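1. Provided below are the primary sequence and the corresponding predicted coordinates.
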Amino acid sequence: MALRACGLIIFRRCLIPTVDKPAIEFLLLQASDGIHHWTPPKGHVEPGENDLETAFRETQEEAGIAAGQLTIIEGFRMELNYVARKKPKTVIYWLAEVKDYNVEIRLSQEHQAYRWLGLDEACQLAQFKEMQAVLQEGHQFLCSSAS
């Protein structure tokens, strides 16, 4: 059976975008171990939790952002299936916007750095094709549903 994990693609919108400040920035966290890869907050589902509860708990634990500081964007849910450490893994992501552009990020010991990045930079840091696809689809969803 595949390992199951859930997370949030956290973003913020810049009110006055510029060349140096894109309209949408994604939060990526750099792992403290392994290859120090960059991903959104995510983690394994614990017994008794539903998927979205897991995503909120992991975001609180890994980035210090509470559920009340976020707005889930309706209509976007993406499931990734891949092999990690020789085991099948499923990760489900939702899009979540921070309510405060300047929200404080408090990293756990699992991560050593964080960055807010535009789509192109986020995709460069993400490295894995599957993660790049999630970021691109999330960005496209946000741009197509913008009023």
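-> That came through fine.
2. Give me the buried stretch members for stretch 29-40, please.
-> Applying a neighbour-count criterion of 16 or more other Cβ atoms under 10 Å, one finds 29-30, 38-40 buried in stretch 29-40. Yep, even glycine has a C-beta here, placed from its N, CA and C like the rest.
3. could these be laid out in a markdown table, adding secondary structure?
-> Formatted as a markdown table, the buried residues of stretch 29-40 follow (DSSP: H, G, I helix; E, B strand; the rest coil):
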| residue | secondary structure |
| --- | --- |
| 29 | strand |
| 30 | strand |
| 38 | strand |
| 39 | strand |
| 40 | coil |
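4. Those: which two are farthest apart?
-> The largest separation in the buried residues of stretch 29-40, counting by Cβ to Cβ, is between 30 and 40 at 11.5 Å.
5. tell me the mean pLDDT for the helix or strand hosting residue 25?
-> Taking DSSP states H and E as the definition, residue 25 sits inside strand 24-31. Across strand 24-31, pLDDT averages out at 96.
6. how far out from the middle of the chain is that strand?
-> Averaging C-alpha coordinates over strand 24-31 and over its chain gives two centres that are 7 Å apart (Cα atoms, centre = their mean, to the nearest Å).
7. So what are the sheet partners of it and their directions?
-> Take DSSP bridges as the rule and strand 24-31 pairs in its sheet with strand 3-13 (antiparallel), strand 38-39 (antiparallel), strand 111-117 (antiparallel).
8. From the buried residues of stretch 29-40, pick the one nearest residue 140.
-> For these, the minimum distance to residue 140 (Cβ to Cβ) is 16.5 Å, reached by residue 40.
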